[in-house]
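Asker: okay, sequence plus prediction incoming.
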Amino acid sequence: MADDFTFSITTTRFDEDYAPSEDSRITTNFANLARGEHRRENLRNTLTMIDRRFNDLVREENADGDRYTVELEIVSVQLEFAAAGVDRRFPLIEVLDVHLLDRLTGRRTHGIVGNNFSSYVRDYDFSVLLPAANPGGGAPVIPSDFGELHGKLFQRFLESTTYRERFPQSPVICISVSTSKVYRRSDYRHPVLGVEYEQDAYSLTDEYFARMGLQVRYFMPPGSVAPLAFYFRGDLTADYTDLQLAGTISTMEAFQKIYRPEIYNANSAAPAVYRPSLGAQDFSRTRIDYDRDERSRLALTQGRYTQEHFIEPHRDVLERWAADYRVPVA
């Protein structure tokens, strides 16, 4: 059944000249910034934030705080069905890949792929499938197979030659902590990831990423004001260098400061027992335009697009493949 479809990758440099492609989800953080009158200023300021934060995290032989530059590339993953017909190709996943340039030595190091994970199928699951299962409100009903297809497609991509020939390591996806959970500071500290936070129960997002074969840990890096959620395979603290982890932190913390300033650009750091809230008032806004309301509205549009051009035309193939696919044992 693996021959029912194949994967392909295209890449686009993410710099101040970036413009979203027709296949890009316009709700993706980096695509949203690259629209409107101030697009170039938005992009330049975002990249500057990332570079400054990276140099702040990597201080060894970097007294002036300008030794490194973070280079970003958008990785767009397409799924192509073998059978002839309409809608044969579909934009499955989009993420940022990181390279770290040492200005002192000229050395370029590959960071971690997975930043700003974006998925049309996830839009379908959360904006179409989940509301359909809860038409009357009340206690939320989660379908037993919620996220199953998405999770299997993601894991199949990681197994594919397309992924393995390009990326030597598993991805790390870093996003905001959930506003529905309480996080408690632990005694564990990592030199770059920072202090670890723990929670008593997983959020729906945590469970969704678990379907993708990813476990989660929560860390508040040095100099940060709130923990980030890190989703990964293997061992987060052993499989990647401090330099690579700093690349992920600097990239994703910048986007979260723009997208969720109430949490990540707060004027005081998270306490030992932390309840994230988008209703917080003590925070500073960045000078970067970002339309969060539009992002939420467009998620439904993109979910319906996925239903029309991916789920419905290929339902038989996808259901047959998903039934036969066996998730790899870690």
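Answerer: Right, received. Where do you want to start?

Asker: from now on I want contacts and neighbour counts done on CA atoms only, so please keep to that.
Answerer: Fine.

Asker: helices of this structure, residue ranges please.
Answerer: Using DSSP state H, the helices of the chain run over residues 29-33, 39-57, 120-124, 130-132, 148-159, 161-164, 204-211, 242-259, 261-264, 292-306, 315-324.

Asker: what distance separates the start and the end of stretch 55-70?
Answerer: Stretch 55-70 has an end-to-end distance of 9 Å (C-alpha to C-alpha, to the nearest Å).

Asker: quick one: buried residues of it?
Answerer: Of the residues in stretch 55-70, those scored as buried under the neighbour-count criterion (16 or more other C-alpha atoms under 10 Å) are Asn55, Asp56, Leu57, Val58, Gly65, Asp66, Arg67, Tyr68, Thr69, Val70.

Asker: now stretch 6-16
Answerer: When neighbours are counted by 16+ other C-alpha under 10 Å, the buried residues of stretch 6-16 are found to be Thr6, Phe7, Ser8, Phe14, Asp15, Glu16.

Asker: any low-confidence regions in the stretch 1-150 of the chain?
Answerer: When the per-residue scores of the stretch 1-150 of the chain are filtered using pLDDT under 70, the ranges that remain are 1-3, 21-37, 84-86, 137-138.

Asker: any chance of the helices of the chain in a markdown table, plus distance to Ile175?
Answerer: Converted to a markdown table, the helices of the chain look like this (distance: least, C-alpha to C-alpha, whole Å):
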| stretch | distance to Ile175 |
| --- | --- |
| helix 29-33 | 11 |
| helix 39-57 | 15 |
| helix 120-124 | 14 |
| helix 130-132 | 21 |
| helix 148-159 | 17 |
| helix 161-164 | 22 |
| helix 204-211 | 10 |
| helix 242-259 | 7 |
| helix 261-264 | 11 |
| helix 292-306 | 15 |
| helix 315-324 | 27 |
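
Asker: Arg107 - how many residues pack around it?
Answerer: The number of residues packed near Arg107 is 10, by other C-alpha atoms under 10 Å.

Asker: what's the closest non-adjacent residue to it?
Answerer: Excluding its sequence neighbours, the residue lying closest to Arg107 (C-alpha to C-alpha, 6 or more residues apart in numbering) is Leu101, at 6.0 Å.

Asker: the one you found touches His110, doesn't it?
Answerer: No: the pair Leu101 and His110 fails to qualify as a contact (C-alpha atoms under 8 Å) at a distance of 9.0 Å.

Asker: residues in contact with the residue nearest to Phe5 when sequence neighbours are not counted?
Answerer: Once its chain neighbours are removed from consideration, Phe5 has its nearest residue in Phe81; the separation is 4.2 Å (C-alpha to C-alpha, 6+ apart). Residues counted as contacts of Phe81 (C-alpha atoms under 8 Å, 6 or more residues apart in numbering) are Asp4, Phe5, Thr6, Arg88, Arg89.

Asker: before we move on, what about Val98?
Answerer: Neighbour list for Val98: Val70, Glu71, Leu72, Glu73, His110, Gly111, Ile112, Val113, Gly247, Thr248 [criterion: C-alpha under 8 Å, 6+ apart].

Asker: bridging residues for it?
Answerer: As for beta bridges, Val98 partners with Leu72 under DSSP bridges.

Asker: and it, how close does it get to Asn267?
Answerer: When C-alpha to C-alpha is applied, the distance between Val98 and Asn267 equals 29 Å.

Asker: how about Phe5?
Answerer: Using C-alpha to C-alpha, one obtains 49 Å as the distance from Phe5 to Asn267.

Asker: what does Asp324 give?
Answerer: Looking at Asp324 against Asn267, where the rule is C-alpha to C-alpha, the gap reads 51 Å.

Asker: and those two? Which one has more around it.
Answerer: Neighbours of Asp324 and Asn267, each counted by other C-alpha under 10 Å, are more numerous for Asn267; the result is 14 against 11.

Asker: end-to-end on stretch 115-125?
Answerer: With C-alpha to C-alpha applied, stretch 115-125 spans 20 Å between its terminal residues.

Asker: OK, contacts around the spatially closest residue to Arg59 that is not a sequence neighbour?
Answerer: By the measure of C-alpha to C-alpha, 6+ apart, the closest residue to Arg59 outside its immediate chain neighbours is Gly65, 6.9 Å from it. When contacts are counted by C-alpha under 8 Å, 6+ apart, Gly65 touches Arg52, Asn55, Asp56, Arg59.

Asker: re earlier: between the helices of the chain, which one is nearest to Phe283?
Answerer: Minimum separation from Phe283 across the helices of the chain (C-alpha to C-alpha) falls at helix 261-264, 5.4 Å.

Asker: tell me what the closest one is packed against?
Answerer: When contacts are defined as 3 or more C-alpha pairs under 8 Å, 6 or more residues apart in numbering; DSSP states H and E, helix 261-264 packs onto helix 242-259.

Asker: what separates the helix it packs on from the chain centre, distance-wise?
Answerer: Helix 242-259 has its average C-alpha position 11 Å from the chain's average C-alpha position, going by C-alpha atoms, centre = their mean, to the nearest Å.
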